[in-house]
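Structure for the following, please:
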Amino acid sequence: DVQLQASGGGLVQPGDSLSLSCAASGLILDDYAIGWFRQAPGKEREGVSYVASSDGRTWYSSSVRGRFTVSTDSAKNTVSLQMNSLKPEDTAVYYCYARNADRGSNYWGQGTLVTVSS
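Purely as a prediction, here's the structure:
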């Protein structure tokens, strides 16, 4: 079975940092493009960050660019999202997503809750 396990969420104060991790089993993350999405209460799920499998190219939404950094650890088969200078509007459930367009396969992790509040 393929599983993506997102972890690292929690309650932090504005300005704090948090690191999310997405651990994969049943697939090799290096073969997949990896995306981080988030869904705030009452809002649609939105893309936050992306790392391409082909060349490691990254993308960030304008709302997190300069504060969030996505990275991969091939040895651990994990993808991390380092979140700095967190704001209350970053509060959401964060999901990791793996996609291999050539194989037509994609997978979602179960989500981890990040709450930014004073």
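
make it CA atoms for all contacts and neighbour counts henceforth
Fine.

what's the neighbour count on Gly9?
Neighbour count of Gly9, defined by other Cα atoms under 10 Å: 18.

quick one: it and Val114, what's the gap?
Distance from Gly9 to Val114, counting by Cα to Cα, to the nearest Å: 5 Å.

Repeat that for Ser63.
As for Ser63, its distance to Val114 is 16 Å (criterion: Cα to Cα).

same question, Lys76
Distance of Lys76 to Val114, computed by Cα to Cα: 23 Å.

now Arg57
As defined by Cα to Cα, Arg57 lies at a distance of 25 Å from Val114.

Counting by contacts, list what the helix or strand where Thr69 lies packs against.
According to DSSP states H and E, Thr69 maps onto strand 68-73. Packed against strand 68-73, as judged by 3 or more Cα pairs under 8 Å, 6 or more residues apart in numbering; DSSP states H and E, are the following elements: strand 46-51, strand 78-83.

quick one: average pLDDT of the last one?
Going back to what we said before, that points to strand 78-83. Here strand 78-83 scores 96 as its mean pLDDT.
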